[in-house]
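In: Just need the structure, nothing else, for what follows:
(one chain, ligands or ions: 2)
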Amino acid sequence: MKDIQPKVTIVIFGATGDLAKRKLFPSIYQLFKKGKLSSHFAVVGLARRPWTNEVLRKHVEESIQNAFSPEEDLEEFTSHFYYQPFDVTKEDTYPQLHTLLQDLEATYETGGNRLFYLAMAPNFFGLIAKKLKEYGLKETAGWTRLVIEKPFGHDLESAKQLNSEIREAFDEEQIFRIDHYLGKEMVQNIEVIRFANGIFEHLWNNRFISNIQITLSEVLGVEDRARYYDESGAVRDMLQNHILQIVALLAMEPPIKLTTDEIRSEKIKVLRALRKFKHEPIADNFVRGQYDAGTIHGKSVPAYRDEAEELADSTTETYVAGKLLIDNYRWAGVPIYVRTGKRMPKKSIKVIIQFKDLPMNLYFKSDKERHPNLLTINIQNEGLSLCLNARKAGSGKLAEPIHLHYHQSEVPGINTPEAYEKLLYDSMIGDATNFTHWDEVALSWQLVDPILEAWSKEKPDFPNYKAGSWGPKEADELLAKDGFHWWDI
Ligand SMILES: NC(=O)C1=CN([C@@H]2O[C@H](COP(=O)(O)OP(=O)(O)OC[C@H]3O[C@@H](n4cnc5c(N)ncnc54)[C@H](OP(=O)(O)O)[C@@H]3O)[C@@H](O)[C@H]2O)C=CC1
Ligand SMILES: O=C1O[C@H](COP(=O)(O)O)[C@@H](O)[C@H](O)[C@H]1O
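Out: Numbering: from 1, shown residues only. Ligands and ions are numbered 1, 2, ... in the order given. Take a look at the predicted model:
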């Protein structure tokens, strides 16, 4: 079946920024190259810098050359890009934008479809949405949609405030809250692995699963995002969004149909059932950390507090590990251990499902040597692996663990699109399945707020893990007290 080729004007607020350069321009290029965009599209870049169309086009070209080696002449592609110097806080710029959009819609015959992409600091989101409505930029012959980057708020209260500001201007169906993990191939694969395989789905519950481990580890430190990151920390940056979305996909009930509403409704039920830790001590279930200087891949790296002047006394966590519990019939009693951190020994995104041991296993010399069955979903290096026990060759009656591996990248002809590429396309065709609904955002903050509130009352003893290590020792103790350990990833 041929892909739909949406006709559209994409308006990028924050077009001179990091996200636009590293992710958005290369993704739009890929969509164009793959024929998912026809010639009926235009991209308008907005930011304060006094750039021109030519400067933006050169910048877009460089960003694409940095991302991959394009075979074709990029000129035709970049000719669809236009730049308007624009300060979102200044009233006079909106009417100018209106005129530019109308001109481009006539030139490119886009049917008036407008995708407003807010690649800017979140404190501007409410204002931009309001002004787009006020200046009639939403009134067109086609559809208008608003794509919003994370973070969506700083806590539940600010998220509610932001949501109500946006909802005054846009309907929920027009709002696409992006979580780029939902565009990752293996995150999208979770529901297929579960609901298309009897051998897993029949066992996918507290009778057969002993625990689940989710690790999102990064080698990178804070890079040049110190100001943003220090306000955010690992909980707001990764746990509140990416990790909880993965949890929802792993734990949801089978949807009755593969529609946006049905899938969302199942995910929301999981987030509702997540224990919110309002009454238990947070320290029993969550561990925070901040990296000290250390060595990664043979290279010395500084402590978080030495990465930028403003971080000198920071108490922001660059690591969090936690034990989540889902209080429903399927998952009661199954701990879901999660961890994410910067400056870890390797970049990895993995989910490990540990199945319960058999009551008796005669094929191992001692209980200590027994190895549980593990299903590993490798989100970073796109693949799956299943650890089973099989006869140890030539050993008589002993068993040993063996691994069945599937690596998507080794399958000929498969070229997985980048997450942003998929999500941009979905937003243009109006498929909101892999975007977060307001209810999901609100429920996620309900989990996270009590953790942050408890932490805010005590000064942490930071730094407490070396760059290049797997985080503070308390994260190992979190599992050890339940009789588990983190599996190697
Ligand atoms: N970078 C990343 O990897 C990721 C980013 N995000 C999110 O994406 C968003 C953008 O991040 P990022 O690109 O890194 O940020 P940057 O700081 O690199 O870019 C911010 C952009 O906003 C523009 N800008 C700032 N003030 C104004 C203003 N008053 N009017 C108009 N434009 C303005 C800046 O341009 P100028 O100075 O020319 O005005 C610049 O283009 C944020 O919400 C971030 O949290 C989410 C996930 C990953
Ligand atoms: O959203 C974010 O994600 C990145 C990690 O994304 P990945 O696709 O490389 O796994 C993280 O570095 C960043 O701090 C965070 O804002």
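In: Mind jotting down where the helices sit in the stretch 101-250 of the chain?
Out: 125-134, 156-169, 185-195, 198-201, 226-234, 244-251 (DSSP state H, counting those that start in this stretch).
In: which ones are touching the one residue sitting closest to the centre of the chain?
Out: Centroid-nearest residue in the chain: residue 181, 3.0 Å away (criterion: C-alpha atoms, centre = their mean). Residues near residue 181 by C-beta atoms under 8 Å, 6 or more residues apart in numbering: 187, 241, 242, 245, 246, 379, 419. Heads up, the C-betas are built off the backbone N, CA and C, glycines and all.
In: Convert stretch 122-133 to CSV, retaining C-alpha atoms only.
Out: Taking C-alpha atoms only, stretch 122-133 is exported to CSV below (Å, rounded to 0.1, in the frame of the first residue of the first chain):
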residue,chain,number,x,y,z
PRO,A,122,8.4,25.0,27.5
ASN,A,123,7.7,28.3,29.3
PHE,A,124,6.7,29.6,25.9
PHE,A,125,4.3,26.9,24.9
GLY,A,126,1.2,28.5,26.5
LEU,A,127,1.9,31.9,25.1
ILE,A,128,2.5,30.6,21.5
ALA,A,129,-0.7,28.5,21.6
LYS,A,130,-2.7,31.6,22.8
LYS,A,131,-1.2,33.9,20.1
LEU,A,132,-1.8,31.4,17.3
LYS,A,133,-5.4,31.5,18.2
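In: buried ones in that stretch?
Out: Neighbour counts over stretch 122-133 (16 or more other C-beta atoms under 10 Å) mark 122, 125, 126, 128, 129, 131, 132 as buried.
In: and which of the residues you listed is nearest to ligand 1?
Out: Relative to ligand 1, the closest of these is residue 122; by C-beta to the nearest ligand atom it sits at 5.2 Å.
In: The nearest residue to the closest one once chain neighbours are set aside: how many residues sit nearby?
Out: Computed as C-beta to C-beta, 6 or more residues apart in numbering, the closest residue to residue 122 that is not its neighbour in sequence is residue 151, at 5.8 Å. Residue 151: 19 surrounding residues under other C-beta atoms under 10 Å.
In: Go ahead and confirm residue 151 touches residue 229.
Out: No. Residue 151 is beyond contact range of residue 229, at 10.7 Å (criterion: C-beta atoms under 8 Å).
In: Give me the common contacts of those two.
Out: residue 237.
In: Near ligand 1, list only the ones from the buried residues of stretch 122-133.
Out: Among the buried residues of stretch 122-133, the residues within reach of ligand 1 (C-beta under 6 Å from any ligand atom) are residue 122.
In: okay if I get the buried residues of stretch 122-133 as JSON lines plus pLDDT?
Out: Formatted as JSON lines, those follow (pLDDT from 0 to 100):
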{"residue": "122", "pLDDT": "89"}
{"residue": "125", "pLDDT": "96"}
{"residue": "126", "pLDDT": "95"}
{"residue": "128", "pLDDT": "97"}
{"residue": "129", "pLDDT": "97"}
{"residue": "131", "pLDDT": "97"}
{"residue": "132", "pLDDT": "97"}
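In: if we can go back for a sec, which among the contacts of residue 181 gets closest to residue 316?
Out: Among those, residue 241 lies closest to residue 316 (C-beta to C-beta), at 16.9 Å.
In: Now that closest one: closest residue in space, sequence neighbours ignored.
Out: Of all residues not flanking residue 241 in the chain, residue 179 sits nearest, at 5.1 Å (C-beta to C-beta, 6+ apart).
In: burial count for that neighbour?
Out: The number of residues packed near residue 179 is 25, by other C-beta under 10 Å.
In: For it, which residues are in contact?
Out: Residue 179 neighbours (C-beta under 8 Å, 6+ apart): 150, 241, 242, 245, 435, 436.
In: from the residues you listed, which single one is nearest ligand 1?
Out: Nearest to ligand 1 among these is residue 150, at 5.3 Å by C-beta to the nearest ligand atom.
In: quick one, phi/psi of that closest one?
Out: Phi and psi for residue 150, reported as degrees, to the nearest 10, are phi -80, psi 160.
In: who touches the residue lying closest to residue 445 once chain neighbours are set aside in this structure?
Out: Distances taken as C-beta to C-beta, 6+ apart place residue 156 nearest to residue 445, at 3.8 Å, with adjacent residues excluded. Shown in contact with residue 156 (C-beta under 8 Å, 6+ apart): 442, 445, 446, 449.
In: Strands of the stretch 51-200 of the chain, residue ranges please.
Out: 81-85, 114-118, 144-148, 175-177 (DSSP state E, counting those that start in this stretch).
In: The stretch 201-350 of the chain too?
Out: Counting by DSSP E, counting those that start in this stretch, the stretch 201-350 of the chain has strands at residues 209-217, 286-289, 291-292, 294-296, 299-301, 319-324, 336-341, 348-355.
In: can you redo those as TSV with mean neighbour count, distance to residue 278 and mean pLDDT?
Out: Output for the strands of the stretch 201-350 of the chain, formatted as TSV (neighbours: other C-beta atoms under 10 Å; distance: least, C-beta to C-beta, whole Å; pLDDT from 0 to 100):
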stretch	mean neighbour count	distance to residue 278	mean pLDDT
strand 209-217	22	22	98
strand 286-289	26	13	98
strand 291-292	26	30	98
strand 294-296	17	36	98
strand 299-301	14	38	98
strand 319-324	25	14	98
strand 336-341	25	18	98
strand 348-355	21	27	98
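In: In TSV: those, plus distance to ligand 1.
Out: Shown next, in TSV, are the strands of the stretch 201-350 of the chain (distance: least, C-beta to the nearest ligand atom, whole Å):
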stretch	distance to ligand 1
strand 209-217	13
strand 286-289	21
strand 291-292	19
strand 294-296	20
strand 299-301	19
strand 319-324	18
strand 336-341	14
strand 348-355	15
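In: Now distance to residue 164 too, for the ones you listed, in CSV please.
Out: Below are the strands of the stretch 201-350 of the chain laid out as CSV (distance: least, C-beta to C-beta, whole Å):
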stretch, distance to residue 164
strand 209-217, 31
strand 286-289, 30
strand 291-292, 37
strand 294-296, 43
strand 299-301, 42
strand 319-324, 28
strand 336-341, 30
strand 348-355, 33
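In: Tell me, what's the model's pLDDT at residue 258?
Out: pLDDT for residue 258: 94.
In: for residue 1, same thing?
Out: pLDDT, read off for residue 1, is 59.
In: Residue 73 too?
Out: pLDDT, residue 73: 77.
In: so how far is residue 27 from it?
Out: Distance of residue 73 to residue 27, computed by C-beta to C-beta, to the nearest Å: 19 Å.
In: same question, residue 84
Out: Residue 84 is 21 Å from residue 27, where distance means C-beta to C-beta.
In: three-state assignment of the closest residue to residue 45 other than its chain neighbours?
Out: Closest residue in space to residue 45, ignoring its immediate chain neighbours: residue 15 at 2.9 Å, by C-beta to C-beta, 6+ apart. The assignment at residue 15 comes out as coil when based on DSSP: H, G, I helix; E, B strand; the rest coil.
In: I'd like to know how many residues surround residue 15.
Out: If you count neighbours by other C-beta under 10 Å, residue 15 ends up with 30.
In: Over to residue 203?
Out: Neighbour number of residue 203 under other C-beta under 10 Å is 16.
In: looking at this structure, which helix or strand is least sure?
Out: In the chain, no helix or strand scores lower on mean pLDDT, DSSP states H and E than helix 18-19, which sits at a mean of 92.
In: ok, and what's touching that one?
Out: Helix 18-19 has contacts (C-beta under 8 Å, 6+ apart) with 119, 149, 224, 225.
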